[in-house]
Every structure is written in structure tokens, then in C-alpha cells.
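**Q** my questions are about this predicted structure, shown below with the sequence.
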Amino acid sequence: RKEVEQDPGPFNVPEGATVAFNCTYSNSASQSFFWYRQDCRKEPKLLMSVYSSGNEDGRFTAQLNRASQYISLLIRDSKLSDSATYLCVVPNAGKSTFGDGTTLTVKP
Amino acid sequence: ETGVTQSPTHLIKTRGQQVTLRCSSQSGHNTVSWYQQALGQGPQFIFQYYREEENGRGNFPPRFSGLQFPNYSSELNVNALELDDSALYLCASSLTGTGSHGYTFGSGTRLTVV
């Protein structure tokens, strides 16, 4: 089993839709978690951090469920510009493990 | 505040050759991590340097080696290149070695081994 697992998608949604991605992790000692966004052939960019139960930033909400060892990312009112790959990241002792990403395409 | 810069942006090498990739960390960041990202996969951790010492290593063979300099810039060296080494190599700098504050990535070096 991989340390960090994500549904690869792709998720194809219309503009204005609400979409949610899940990420499961195996290392129960991890204390902080991140979502990164990666556009095609570009570097990952930090989208949100999650240190406790959750975090909200505008249309984006990240939630953490420690008991079940998963984090989620909810995007409300999707925009065309939200089309990208979303990477779940779990840091642990000097190493950060990335999931393989979930691809989102928002269509007009 | 300068971000993370990597050079070169693209590189083509022949199997068996050696390559050196370079990275300048973001101002104020003393930790540099290197990742390999193959097409369709997430970045895979190669190693991390903190204050010029290797501070963690992923599942990569010894022909992947690195250095960090007193100004916190870093190099990734790969010897005896194989076709499977073709990938995007990402450098990320951070405030701490634990990654607990997230990373700032450079735009990467795209290496093609033929």
C-alpha cells in the first residue's frame, strides 16, 4: 500500500459545480498536511495547509480526519482556472510524501 | 524576496553520462529537498539537505548524490544515467527540515536521457 493515496480521477465538472477529493495516508504520526496545485508541466504550488481539523480559504476547504487517516479538499463554485492536478502531501521527519495527484478539469 | 531558481530548465543526455542540476533556495530558507517527478506521477523524494548535511534520503540508488553550499544553494548529481532517469527534477526549499511549513518549489529541470 502506498503511504499517500489519491483517486487519480480525472474529475470532469461544469463551471459552478462543487467537487471534493480525498487523500488517505498511512503514517499516523504526521501532524501537518498540505494540498498543492500543479498545472501542466509546471511546478507544484502550495494551495492549503491543514494542521488541525480543517482550514477554509475562500472557495476552498480542507478537512482532516485523524481517526480515519484521510484529508479532503472541497472546491465550491468551480472556475475554469481551477483545472489542474491537486497533490496531497504528508510531511514526516524530514521527508514529504506526495500522492500521485487528482486531475480536475472544469468545463464551460 | 527571491524564489527558488533551478538551472538548466531542459537537458538532454545520453545513457551512461553524468549530469549536475543546480538550485538556489528562497531567501531565508536553509533546507533544500530534491524530488523526481515522472510523467503522470507525484514527486518522489530523493534527499534533503540542511546546513550542508544530508538530512534524509528516499529510495534512490547511490548514483544520485548531492551537495549544499554555505549560501544554502544545492546541486543534484546523477551518475551513469539510465533511460528511466528521464523526468522533471524539482528542487524545493523550506524554512524547516520537517516540511511542516510547506515547500517552495523551483520550476524544475526537465531531463531527457536518450
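**A** That came in fine, so what should we check first? Just so you know, these numbers come straight off a predicted model, no measurement behind them.

**Q** from here on, contacts and neighbour counts on C-alpha atoms
**A** Fine.

**Q** for whichever residue of chain B sits closest to chain A, what are its contacts?
**A** Nearest to chain A in chain B, going by CA to the nearest CA, is residue B:42, at a distance of 3.9 Å. Going by CA atoms under 8 Å, 6 or more residues apart in numbering or on different chains, residue B:42 touches A:87, A:98-101.

**Q** which pair of those residues spans the longest distance?
**A** Spatial extent of the contacts of residue B:42 (CA to CA) is set by the pair A:98 and A:101 at 7.9 Å.

**Q** overlap of the contact sets of the two?
**A** A:87-88, B:42.

**Q** what residues does chain B have near chain A?
**A** B:40-45, B:47-48, B:55-58, B:90, B:97-100, B:102-108 (CA under 8 Å from any CA of the partner chain).

**Q** restricted to buried residues, select those residues in PyMOL.
**A** Buried subset of the residues of chain B next to chain A, written as a PyMOL selection, criterion 16 or more other CA atoms under 10 Å in any protein chain shown:
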select buried, chain B and resi 42+43+44+45+47+48+55+56+57+90+97+98+99+100+102+103+104+105+106+107+108
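
**Q** let me know the secondary structure of the residue nearest to residue B:60 when sequence neighbours are not counted.
**A** Spatial nearest neighbour of residue B:60, chain neighbours left out: residue B:46 (6.1 Å); criterion: CA to CA, 6 or more residues apart in numbering or on different chains. Secondary structure, DSSP: H, G, I helix; E, B strand; the rest coil: residue B:46 is strand.

**Q** sort out for me which of the residues of chain B next to chain A are in strands.
**A** Taking DSSP state E as the definition of strands, the residues of chain B next to chain A contribute B:44-45, B:47-48, B:55-57, B:90, B:104-105.

**Q** save these as JSON lines, and put in pLDDT and distance to residue B:69 too.
**A** Listed next are those as JSON lines, based on pLDDT from 0 to 100; distance: CA to CA, whole Å:
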{"residue": "B:44", "pLDDT": "95", "distance to residue B:69": "23"}
{"residue": "B:45", "pLDDT": "94", "distance to residue B:69": "20"}
{"residue": "B:47", "pLDDT": "94", "distance to residue B:69": "15"}
{"residue": "B:48", "pLDDT": "93", "distance to residue B:69": "13"}
{"residue": "B:55", "pLDDT": "87", "distance to residue B:69": "14"}
{"residue": "B:56", "pLDDT": "89", "distance to residue B:69": "17"}
{"residue": "B:57", "pLDDT": "92", "distance to residue B:69": "18"}
{"residue": "B:90", "pLDDT": "97", "distance to residue B:69": "18"}
{"residue": "B:104", "pLDDT": "90", "distance to residue B:69": "18"}
{"residue": "B:105", "pLDDT": "93", "distance to residue B:69": "18"}
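
**Q** for chain A, which residue gets nearest to chain B?
**A** Nearest residue of chain A to chain B (CA to the nearest CA) works out as residue A:100 at 3.9 Å.

**Q** so what's that residue up against?
**A** So residue A:100 contacts A:5-6, A:8, A:87-88, B:40-43 (CA under 8 Å, 6+ apart).

**Q** centroid-wise, who is the farthest residue in chain A?
**A** Of all residues in chain A, residue A:108 has its C-alpha farthest from the mean position, at 22.6 Å, by CA atoms, centre = their mean.

**Q** flag every residue of chain A that's near chain B.
**A** Residues of chain A lying near chain B by CA under 8 Å from any CA: A:32-34, A:42-46, A:49, A:87, A:91-101.

**Q** hmm, try it at 6 Å
**A** A:43, A:91, A:93-94, A:98-100 (CA under 6 Å from any CA of the partner chain).
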